[in-house]
Structure formats: structure tokens, C-alpha cells
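Chemist: Sequence and computational prediction follow.
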Amino acid sequence: MKGIFPLEKLERLQTPFYYYDAELLRQTLRAINQEASKHEGFCVHYAIKANANPKVLRIIREAGLGADCVSGGEIEASIKAGFPNKKIVYAGVGKSDWEINLGLDNDIFCFNVESIPELEVINELAAAKGKIARVAFRLNPNVGAHTHANITTGLAENKFGIDMLDMLKVIEEASHMQHVKVVGLHFHIGSQILDMGDFEALCNRVNELQNELERHRIRVEHINVGGGLGIDYQHPNRVPIPDFKAYFDTYAKKLKLRDGQTLHFELGRAVVAQCGTLVTRTLYIKEGRAKKFCIVDAGFTDLIRPALYQAYHKIENLSSEEPAEAYDVVGPICESTDVFAKQIDLNKAHRGDLLAIRSAGAYGEIMASQYNCRKLPVGYISEEL
């Protein structure tokens, strides 16, 4: 579906760059709001770490989502984009003092706490300001997810969260602190999850935990189940919007919320991945003894996922309608891992052709680096070209 790209406008831009389809992003946000609104008490936050392009953030904020942050910089980006402070949640295993103080000064909705030492620091810093910090405990449910090993987060071996066996001990510790208020429980089991059974397993674990808490007469205001919903990297044209209905329905059917409880989600990839494309220009076609290389001007400094996770991204030649040939698509970085794809079929490529590396709206521009002293890629949004 090359027609979705305004080729004449893209040709004028300096490559490599990110191109964001604003209409697809808005369609995705409408689908999220439509499905979440069917269930009372469902609140959706956008995970800023997926993409913090200011123009993308503005559209997401306009749709009414909250913000999920994992650094002080992300809190600042959220506030600058106009997200209400009371819709900002802040997670992360290594919150520094200035980041905690930033959250306190802006009266954010909640700190997702991952250890007792962190809780003690938050209580101390809040006391110095005469404030009470709202906290939720991130628990490690030891639930596996059918995804890449590097993006699972809910196993006991992962660095994230508090062991469930320590849950009552941690809540007891918090009850003696004057400047924190426990308002919820937080979970996140991983990313790029397409098997709803993984989310069902999390629901079962949360139900067990809630039952255990109630036996000790403990009740929390909200449950935060993180995000994790994946996208279809193989077919970005056929499946541009994830199955939000199945995702939210799974929690509505399987998670037993108590009266008055709210359920919070932290979706990132599912919101922005399909609307973003890395556009790169072909520099050379190099013919080896066993294969052809399509050498482009983008590298893993612009999109690191294939090098880091061996992640698949569909690649299309926007400039050619000639019969397909097999290529390794590689970048200019001085590393052997600077490869976007091996032996894929592309319409015959020539020097100067524009290639579209699809489904790159999440963990693309935001993870770019300046290795080899390269410039960071610019992000453009369709409605402003």
C-alpha cells in the first residue's frame, strides 16, 4: 500500500527520517477510547518511553489519555505536552532524588514503587516538602509472557518489582510512614504480547493477591496492569490497529475488581508503532558472490530494534514497481550487526530509491543514538508536511 505515503513530499526531505501518519494514530486512539469506555473504571495511560515526539504526544494528550513515565525527563515531556498532572504515573527501579522531587512538586497521580529502600526515600523527600506521596507497589507476579526474552518483565529473575511473598511486609512498612499513602498495586509482565492467555494468567494472579489482602483487611483504590499488548509487524497494512476489544474484554471478564476500584493500563507500542515509518534512501546496490546488499543511509543508530532484538520490520521500496529481488538491507554503521533484514524481497532497488521501514513508531526515534557521530533522525507528522 505505497499509496499511503505522500512520495512527492517525502522525496524533498533529508533522509533518514521518521514519518508519522496522524490519521492512523487518531484512528488507533479512537479505537482505544471506544473499547475502554465500555468498561466502568478503565483508565488508559500512554507509555511515554515508546515515543516522545512532541507532536505525537500532543495528539495522544488531545485524545484524553494519561501518561506513564519511567524517568524525570519523561515527566517533563508529559507536562510540556499538556498531560494533566493527575493523570501521570511514574515507575522505574532507579528513581533519583531529583526525579522523585519533580513528581512531588507536580503532584502526580502516583509513584509505582519497586522496593522498600525506594519507599523510604519517597517518604523522606515527601516529608521535607510537607506532602503525602500516593504510591502503588509494583509486584513481580512471576508470570511468563510469550515474547522475546529481553522484553519480559514479570518473572522472578527480572529486576523489576517486589516479590509477591514480600507484599504484606511492604504494605505493613508503608502503614508506619507518615508521608506516603498506598493507593494501588502495579504489574507489568512484558511487551509485544499477542496471546491473551498471558493477560488471563496475570488476572488470575491479581485475583489471588486481592483475596489475600482482603483476608488481612487491606483494600486498595486501584489496580494497574501495565501494558504489553503487541502489534502485527508482519502485516502493517492489513492489521494497522491492534485488537483492543479482545485486550480490554480479557480484563473485564477475568479480573475481579472490587466496588469502586479503577483499573489502569499503560499502553505504548500498541498506540504508536503502526503509525510510524523510518524512511531511508538507498545509497548503493552491492552485488556479492552469494547475495545482493541494499545499502541505505539509515542505520541502527536510527532504529536499533533489529540489531538489539533481531526484530522484524516489513520493508517496502516506495520508489520502484519493478519485479522483486532478494536483498540484505544494511546500514552504514561500522558494526556487523547494522542489518535491518536479510534475504527479503523488494521491488528492484536503485541508488536514490526511498525505502519504508514499517511499524517503527515505537522504540524507534526515541532510542536513536549518535554513535559514529551521526545526526539524530528528525520526526515529521503527516498533517504538517
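Modeler: Structure received. Here the structure is a predicted model, which means the values were calculated and not measured.
Chemist: chain center to the longest strand seen in the chain, what's the gap?
Modeler: Once the chain is assigned using DSSP state E, the strand that runs over the most residues is strand 276-287. Using Cα atoms, centre = their mean, to the nearest Å, the distance from the centre of strand 276-287 to the centre of the chain it belongs to is 26 Å.
Chemist: which of the residues in the helix or strand just after it are buried?
Modeler: Read in the C-terminal direction, the helix or strand following strand 276-287 is strand 292-296, with elements assigned using DSSP states H and E. Of the residues in strand 292-296, those buried under the neighbour-count criterion (16 or more other Cβ atoms under 10 Å) are Lys292, Phe293, Cys294, Ile295, Val296. Placement of C-beta: from N, CA and C, glycine included.
Chemist: Put together JSON lines for these, with distance to Ser96 on each row.
Modeler: JSON lines is the format used below for the buried residues of strand 292-296 (distance: Cβ to Cβ, whole Å):
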{"residue": "Lys292", "distance to Ser96": "49"}
{"residue": "Phe293", "distance to Ser96": "44"}
{"residue": "Cys294", "distance to Ser96": "43"}
{"residue": "Ile295", "distance to Ser96": "41"}
{"residue": "Val296", "distance to Ser96": "38"}
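Chemist: Now flag whichever of the residues you listed is closest to His264.
Modeler: Set against His264, the nearest of those by Cβ to Cβ is Val296 (40.2 Å).
Chemist: hey, what's that closest one bridged with?
Modeler: Residues in a beta bridge with Val296, per DSSP bridges, are Thr282.
Chemist: any idea how far it is from Thr280?
Modeler: Here Val296 is placed at a distance of 4 Å from Thr280 (Cβ to Cβ, to the nearest Å).
Chemist: can you check Ile366 too?
Modeler: Between Ile366 and Thr280 the distance is 18 Å, computed by Cβ to Cβ.
Chemist: Give me the more crowded residue out of the two.
Modeler: In this comparison of Ile366 against Thr280, neighbours counted by other Cβ atoms under 10 Å, the higher total goes to Thr280 at 26 against 19.
Chemist: If we go by neighbour counts, what in stretch 283-294 is buried?
Modeler: For stretch 283-294, by 16+ other Cβ under 10 Å, it's Leu283, Ile285, Lys292, Phe293, Cys294.
Chemist: does the first one really touch Ala298, like I thought?
Modeler: No - with contact taken as Cβ atoms under 8 Å, Leu283 and Ala298 are classed as non-touching, separated by 10.0 Å.
Chemist: Thanks a lot, catch you later.
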